[in-house]
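Colleague: Predicted model, plus sequence, below.
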Amino acid sequence: MNLNTVFAPSAEVATELLTVFAIDTAPKGAAKPEIRLLMPEDAVTPAVQTVLDGGEFKAEPSETLLLHNPAGLKAKRLLIVGLGKAAKLSPHEVRKGAGTAVRFAKPRGLREVAIAIPVAAELDPKLTVRALTEGAVLGDFDSDTYRSDRKDRSVQTVQIVAPPSFDRAAAEAGLREGVIVAESQNFARALINEPGNRLTPTILGQRAAGMCREFGIQCEVHSTEKMRELQMGAFLSVTQGSDEPPALIVMRYEPPNAPASPVLGLVGKGITFDTGGISIKPSDNMEKMKYDMAGGAAMIGAMRAIAQLQVPIKVVGIVCAAENMPSGKAQKPGDVQIAMPALGKPGKAIEIINTDAEGRLVLADGIMYAKQLGATHLIDAATLTGAVGVALGQINGGIFANDEDSYQRFVDGLKLSGERFWRLPVEDDYRDVIKSTIADIKNTGGRYGGAINAAMFLKEFAEDTPWLHLDIAAVAWVDDAKPWSASGPMGVAVRSVIEWIRTYAG
Ligand code: BES
Ligand code: MN
Ligand code: ZN
């Protein structure tokens, strides 16, 4: 997709489809909406006044109204997109609104659209352009790559229309950042969409390495031999049932202007297919377990963005990629595995209760390795538990933290990313549930609080290092399309991880 900014009154923009945004300014409890277009006075409002007065359009979020040959405009079509109540107006609504416009154009075969930047006192110019850009790029994504009847309906050009008086620097910066962030999120989504046979751990490693080459990130992809050398007994135990070799993907972003510290460690779960192993999953919905690498993909996407944004902070990204398969070589419930040791300390002994709790095993060694590589602050992302969906539904991802400063930075970042995470506890009192009688810990903690139990397991490996854990199992894949987004892989956590990293750049 090609995006460019045009500084001109919207009425003068020649386009297949001009999109303008509208809000409802009526006070709470009012009998009918009062619609206002979010643009400085120009010829658009008169062109639609009669329709707006008619009351059929309420400016609800993602509501659309199409007019052909609007009077006095150069545009062939005018699309009004609702952003909801004035009191709730924010760049997040603009992100969805722009996505709605692009997804309105796609099935109609319109290859070019113009979107007028909404102007309102409560909308910061740069953040608004950024959100608008992100919405357009994210809205263009579809996951139909393997359909032979697929008609490429992607929108090729988006003109972002700024009133002539608009802050040019803000528009340029917002556009540039928005493209980087959203394309990185779509990069992650495309990886997540790939089925297990077409995205093995090895192939995921190649994709990550290719991306790193393109954006000047150092990358090494290791496999079994190096993992043995590092004594990654937990990660190796998950891989042993599969004929596909694992991939330990290590991405290092070390810009010359970065201070020695902090070093941010991103760790992603990269299970390219999760059958459950010997504790095999039921067949129903098992096909979905191709997205069990969504956390790893999110970290790869985040690395891509921060390198392009040239964030002056050292970041190391680790993705632990493997298939979890049953076979004559697979690990069994009851087995004991020794995780990667820290310098001068033995590795922790883990009793395997359920081979389907494999994510925490690969992450345990990923976290240990990130620390060994110098990470001072950790964040992991993983489709870790079904239980997080039981707790939080499919709206918020789960976040767990052992450090308030790091958590607060993440929460600050959410205001920019627009993503949603809800905190769950990792208090020491929960630790009893993962005690083992024959080893240091066990890999499951019983029926209650499954998402917390998994987090408690990871916390054992993060130890004193500030650590955030994102459980995205219930939000990484969405079955129903939204007006602003395709169904399927969401690329969740990419934007929030980027913003969290950026807080360290001051
Ligand atoms: N990959 C799954 C978690 C998952 C479930 C992701 C649904 C996406 C959608 C994970 O490896 C898993 O199997 N977790 C088990 C843990 C249990 C055995 C303690 C689970 O949630 O059932
Ligand atoms: Mn599993
Ligand atoms: Zn899994």
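Modeller: Perfect, thanks for sending it. Nothing here was measured: the structure is a model prediction, and the numbers come from that model. Ligands and ions are numbered 1, 2, ... in the order given.
Colleague: Give me the contacts around the helix or strand harbouring residue 406.
Modeller: Element membership for residue 406 (DSSP states H and E) is helix 404-417. Identification of contacts with helix 404-417 by C-beta atoms under 8 Å, 6 or more residues apart in numbering yields 127, 377, 379, 399, 401, 420-421, 423, 466-468, 495-496, 498-500, 502-504. Every residue, glycine included, has its C-beta placed from N, CA and C.
Colleague: So which of those are in strands?
Modeller: 377, 379, 399, 401, 421, 423, 467-468 (DSSP state E).
Colleague: Could you save these as CSV and add columns showing neighbour count and distance to residue 272?
Modeller: Compiled in CSV, the ones in strands among the contacts of helix 404-417 are given as follows (neighbours: other C-beta atoms under 10 Å; distance: C-beta to C-beta, whole Å):
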residue, neighbour count, distance to residue 272
377, 23, 27
379, 28, 21
399, 24, 25
401, 24, 28
421, 24, 25
423, 14, 29
467, 28, 25
468, 24, 24
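Colleague: rewinding a little: now the helix holding residue 406: mean pLDDT?
Modeller: Confidence for helix 404-417, expressed as mean pLDDT, is 98.
Colleague: swap in stretch 281-300?
Modeller: 98.
Colleague: Please apply the same query to stretch 187-205.
Modeller: Rounded mean pLDDT across stretch 187-205 is 98.
Colleague: May I have the distance across it, first residue to last?
Modeller: 14 Å (C-alpha to C-alpha, to the nearest Å).
Colleague: do stretch 464-473 as well
Modeller: Span of stretch 464-473 from end to end, C-alpha to C-alpha: 26 Å.
Colleague: Quick one: mean pLDDT for it?
Modeller: 99.
Colleague: And that stretch, how far out from the chain middle?
Modeller: Averaging C-alpha positions (C-alpha atoms, centre = their mean, to the nearest Å) puts stretch 464-473 15 Å from its chain's average.
Colleague: and it, is it in reach of ligand 1?
Modeller: Yes. Stretch 464-473 lies within reach of ligand 1 by C-beta under 6 Å from any ligand atom, at residue 473.
Colleague: name the helices or strands packed onto the longest helix anywhere in the chain?
Modeller: Looking across the chain with DSSP state H, the single longest helix is helix 168-193. Using 3 or more C-beta pairs under 8 Å, 6 or more residues apart in numbering; DSSP states H and E, the elements in contact with helix 168-193 are strand 2-7, helix 125-139, strand 157-162, helix 201-215, helix 294-309, strand 488-489, helix 494-503.
Colleague: tell me the mean pLDDT over the last one?
Modeller: I take that to be helix 494-503. Rounded mean pLDDT across helix 494-503 is 99.
Colleague: Which other helices and strands does it contact?
Modeller: helix 168-193, helix 294-309, strand 377-382, helix 404-417, strand 467-471.
Colleague: quick one: residue 26 is in a helix?
Modeller: No. If the criterion is DSSP: H, G, I helix; E, B strand; the rest coil, then residue 26 is coil and not within a helix.
Colleague: Residue numbering should commence at 471 henceforth.
Modeller: Yep, numbering from 471; the last one is residue 496 now.
Colleague: Just give the nearest non-adjacent residue to it, would you?
Modeller: residue 504 (4.3 Å; C-beta to C-beta, 6 or more residues apart in numbering).
Colleague: For the one you found, give me its contacts.
Modeller: 494-496.
Colleague: what's the distance between it and ligand 3?
Modeller: 50 Å (C-beta to the ion, to the nearest Å).
Colleague: Per-residue confidence, that residue, what does it come out as?
Modeller: Reading off the model, residue 504 has pLDDT 94.
Colleague: Can you tell me how far it is from ligand 2?
Modeller: Residue 504 is 52 Å from ligand 2, by C-beta to the ion.
Colleague: Within range of ligand 3, give me the residues from the chain.
Modeller: 741, 744, 762, 829 (C-beta under 5 Å from the ion).
Colleague: Which ones among those residues map onto strands?
Modeller: Using DSSP E, the residues of the chain next to ligand 3 in strands are 741, 744.
Colleague: and stretch 856-865, anywhere near ligand 2?
Modeller: No. Applying C-beta under 5 Å from the ion, one finds stretch 856-865 separated from ligand 2 by no less than 8.9 Å.
Colleague: So which bits of that stretch are buried?
Modeller: 857-859, 861-862 (16 or more other C-beta atoms under 10 Å).
Colleague: Give me the contacts around it.
Modeller: The contact list for stretch 856-865 (C-beta under 8 Å, 6+ apart) reads 867-868, 890, 892, 894, 919-921, 923-924, 941, 943-945, 948.
Colleague: Return the residues in contact with the residue in the stretch 521-670 of the chain positioned nearest to ligand 1.
Modeller: For the stretch 521-670 of the chain and ligand 1, the shortest gap (C-beta to the nearest ligand atom) falls at residue 662, measuring 11.3 Å. Residue 662 makes contacts with 761, 763-764, 767, 946-947, 958-959, 961, as judged by C-beta under 8 Å, 6+ apart.
Colleague: Residue 780 against residue 726, yeah?
Modeller: No. Here residue 780 does not reach residue 726: they are 10.2 Å apart, not a contact under C-beta atoms under 8 Å.
Colleague: neighbour count winner among these two?
Modeller: residue 780 (12 against 5; other C-beta atoms under 10 Å).
Colleague: The closest residue to the more buried one other than its chain neighbours: how many residues sit nearby?
Modeller: Nearest in space to residue 780, with sequence neighbours left out and distances taken as C-beta to C-beta, 6+ apart, is residue 725 at 6.4 Å. The number of residues packed near residue 725 is 15, by other C-beta under 10 Å.
Colleague: I'd assumed residue 725 was in a strand, is it?
Modeller: No. Judged by three-state DSSP, residue 725 forms no part of a strand; its state is coil.
Colleague: Any buried residues in stretch 811-821, and which?
Modeller: Those buried within stretch 811-821 under the rule 16+ other C-beta under 10 Å are 811, 817-821.
Colleague: Also stretch 681-699?
Modeller: 681-682, 685, 687, 689, 691-694, 697.
Colleague: roughly how far out does that stretch sit from the chain middle?
Modeller: With C-alpha atoms, centre = their mean, you get 22 Å for stretch 681-699.
Colleague: Ends of it, what's the gap?
Modeller: Note: stretch 681-699 ends 27 Å apart using C-alpha to C-alpha.
Colleague: Could you give the average pLDDT over that stretch?
Modeller: On average, stretch 681-699 scores 98.
Colleague: what secondary structure does the residue of the chain found nearest ligand 2 sit in?
Modeller: Nearest residue of the chain to ligand 2, counting by C-beta to the ion: residue 826, 3.8 Å away. Assigned with three-state DSSP, residue 826 falls in the coil class.
Colleague: Would you pull up how far the helix or strand where residue 858 lies lies from the middle of the chain?
Modeller: Taking DSSP H and E as the criterion, residue 858 maps to helix 857-862. Distance, stretch centre to chain centre, for helix 857-862: 18 Å (C-alpha atoms, centre = their mean).
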